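Colleague: Take a look and give me a structure for this.
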Amino acid sequence: MRRFVVGFFTAVGILVVLLVVVGLVAWRTLVPREPVIASSTILNLDLSRSLPEAAPEDALTRLLFEETVSLRDVLDALQRAGDDSRIKGVFARLGTDEMGTATVQELREAIAAFRAKGKFAIAFADTPSPTHSASSPPATAPITSRPPSTRSGCSRSARSG
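Modeller: This is a model prediction of the structure:
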């Protein structure tokens, strides 16, 4: 009987050690690594859906549903991209979801701070034109913005006339 108990606990010990080793190897190979950023990268923002203020606090919600990007994530990414010399500009695709005024103001301020660091910003929106009808497709409206240092010598009053 004693031999059986010793053999049983030896087998359990070996299984536990094997599970720990396999778990460590799996964790090491499956953990995402830091992305490699090329020297001339353009940040791509998908603003086609509304942005929640923050990520869900509930761990079960985060596990069961697709990871959502929050407004805080976007603002932090713009700040980090502005400080990163490898990021040259930002391209934002705007959608038809309505965002609140506060969200739009925070995004505008973050992009203005990004541009103040000498980087460009381009926003693209598929929006219906004012003369849009059911038979005509929506017009595409690219909205571009260059950093202040690369603008031509025209003043605002000369361009508006």
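Colleague: Any regions of the protein where pLDDT drops low?
Modeller: 55-67, 96-97, 127-161 (pLDDT under 70).
Colleague: residues contacting residue 69?
Modeller: Applying CB atoms under 8 Å, 6 or more residues apart in numbering, we find residue 69 in contact with residue 51. Any C-beta I mention is one placed from the backbone N, CA and C, and that applies to glycine too.
Colleague: Tell me how the protein divides into domains.
Modeller: Structural domains assigned to the chain are 1-31, 37-160, following automatic domain parsing.
Colleague: The chain: strands as residue ranges?
Modeller: Secondary structure of the chain (DSSP state E): strands located at 41-47, 87-94, 120-127, 139-145.
Colleague: And the longest helix along the chain, what's buried?
Modeller: Assignment by DSSP state H gives helix 2-30 as the longest helix of the chain. When burial is assessed from 16 or more other CB atoms under 10 Å, helix 2-30 yields no buried residues.
Colleague: before we move on, what about stretch 74-93?
Modeller: Those buried within stretch 74-93 under the rule 16+ other CB under 10 Å are 74-75, 77-78, 81-82, 87, 89-90, 92.
Colleague: okay, it in CSV with CA atoms only?
Modeller: Extracted as CSV, the C-alpha positions of stretch 74-93 are listed here (Å, rounded to 0.1, in the frame of the first residue of the first chain):
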residue,chain,number,x,y,z
VAL,A,74,-6.9,57.2,-28.9
LEU,A,75,-5.8,60.3,-27.0
ASP,A,76,-2.9,58.4,-25.4
ALA,A,77,-1.9,57.0,-28.8
LEU,A,78,-1.9,60.5,-30.4
GLN,A,79,0.3,61.8,-27.6
ARG,A,80,2.8,59.0,-27.9
ALA,A,81,2.8,59.3,-31.7
GLY,A,82,3.5,63.0,-31.4
ASP,A,83,6.6,62.3,-29.3
ASP,A,84,7.8,59.4,-31.5
SER,A,85,10.1,60.5,-34.3
ARG,A,86,9.2,57.4,-36.3
ILE,A,87,5.6,58.6,-36.7
LYS,A,88,5.3,61.1,-39.5
GLY,A,89,1.6,61.8,-39.5
VAL,A,90,-1.9,60.6,-38.8
PHE,A,91,-4.7,59.4,-41.1
ALA,A,92,-8.2,59.3,-39.6
ARG,A,93,-11.2,57.7,-41.2
